[in-house]
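Undergrad: can't give you the sequence, but here's the structure:
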């Protein structure tokens, strides 16, 4: 369905906290526009992404259908840094054209057929436009009321026509999609996610993408003592998450033999924390190689025995890189709700043989002492073992 009478199809993008960045705002906007262009490469459309006086507009080629414009809007809605995405029309900058565009837009809406209430919300960014915002509201709203007989409701309308007057054009639209908010991916640097097949770490990765980090993923597999199921899950999760940033990389560490060495150390109650410290040391070695500035985990304070305050402190002591824990204050219900929203919960709940199941003592230590852990690591030569594990990683291409 095309609507040539309306003008040019476009998608209008509203920025979030980027607008608070002052002198650095242009750097964030350039990064965001680059991310938008990258996300839209999957479409066979020649799009033009431009900054437009406080918003970003994606201009679509002539002949683009409303369905294609909506598909572009849905794809861009996954790009962090945006708070609202509006499939819109760019029209000539005169009141009569705006009025005709508003009438044409309402002609396509199902709400009009059932006589839904409506309102017109105008915003005049260019003060040279001959009508003030409230005058434009009355002009267009009166015409819609005359044409379709819809009741006006300025407080809680069922259908709203938005009119935004810029310096060179006017944008009209009737709805929008909520964006991800946050900052553009890549504006805060690079980090490495310790990616399990569970619910928490994918959500942690997403939360840090929203804070501008470009993330890569490191998965620890129990191979050769487990199957490849956990790798398939990790791969599927990274594929799902990569729509928020693009260009993610997944590496897998065959960790089973290292776990066997920890289990044979005779420190059963400390085995889980010793394993976590070795994972962090390995991740730090990988992070240095890919120039990542931090590690990310899905830890939530008190959720399991390895995530008590004492045990988190013991894990932090294992590495020099900062460990980011965006879910540290979340409960499981909140984490599951977020996983459901971003589409990772269904994958995370698939059964698999996780490497952590190889080290499941009857009673795990909740107050691990760093000196005891250092003794285990001394016997294992943990520093050298971490380098060997980092050397053994395999990359899985998305």
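TA: That came in fine, so what should we check first? Please read these numbers as outputs of a predicted model, since none were measured by experiment.
Undergrad: that's a strand at residue 51, yeah?
TA: Yes. Assessed with DSSP: H, G, I helix; E, B strand; the rest coil, residue 51 lies in a strand.
Undergrad: identify the residues contacting it.
TA: Residue 51 makes contacts with 29, 33, 57, as judged by C-beta atoms under 8 Å, 6 or more residues apart in numbering. (Glycine included, C-beta is placed from N, CA and C.)
Undergrad: where neighbours are concerned, which of those has the most?
TA: residue 57 (22 neighbours; other C-beta atoms under 10 Å).
Undergrad: helix/strand/coil for that residue?
TA: Assignment for residue 57 (three-state DSSP): strand.
Undergrad: so that it lines up with my notes, have the first residue be 371 from now on.
TA: OK, 371 is where the count begins now, so the last one is residue 427.
Undergrad: who is it paired with across the strands?
TA: residue 382, residue 420 (DSSP bridges).
Undergrad: quick one: contacts for it?
TA: 380-383, 419-421, 458, 460, 541.
Undergrad: distance of it from residue 671?
TA: 43 Å (C-beta to C-beta, to the nearest Å).
Undergrad: swap in residue 611?
TA: Distance from residue 611 to residue 671, by C-beta to C-beta: 23 Å.
Undergrad: looking at these two, which one has more neighbours?
TA: residue 611 (22 against 14).
Undergrad: neighbours of residue 594, just the number please.
TA: With other C-beta under 10 Å as criterion, residue 594 counts 10.
Undergrad: same question for residue 401.
TA: Residue 401, neighbours per other C-beta under 10 Å, totals 19.
Undergrad: hang on, residue 682 packs against residue 669?
TA: Yes. Between residue 682 and residue 669 there is a contact under C-beta atoms under 8 Å: 6.4 Å.
Undergrad: shared neighbours of the two, anything?
TA: residue 695.
Undergrad: more neighbours, the two?
TA: residue 669 (24 against 21).
Undergrad: was I right about the more buried one contacting residue 698?
TA: Yes. Counting by C-beta under 8 Å, residue 698 is a contact partner of residue 669 at 6.2 Å.
Undergrad: where do the helices sit along the stretch 521-670 of the chain?
TA: Using DSSP state H, counting those that start in this stretch, the helices of the stretch 521-670 of the chain run over 570-579, 599-611, 626-633, 641-660.
Undergrad: are any of the contacts of residue 427 buried, and which?
TA: Buried members of the contacts of residue 427, counted by 16 or more other C-beta atoms under 10 Å: 380-383, 419, 458, 460, 541.
Undergrad: give me the domain ranges for the chain.
TA: Domains of the chain are assigned by automatic domain parsing as 374-548, 559-766.
Undergrad: check which residues of stretch 425-433 are buried.
TA: For stretch 425-433, using 16+ other C-beta under 10 Å, the buried residues are 425-430.
Undergrad: sec struct for the residue sitting furthest away from the middle of the chain, please.
TA: In the chain, the residue that sits farthest from the middle, by C-alpha atoms, centre = their mean, is residue 516; the gap is 43.7 Å. The three-state assignment at residue 516 reads helix, by three-state DSSP.
Undergrad: pLDDT at it, what is it?
TA: We note a pLDDT of 94 for residue 516 in this prediction.
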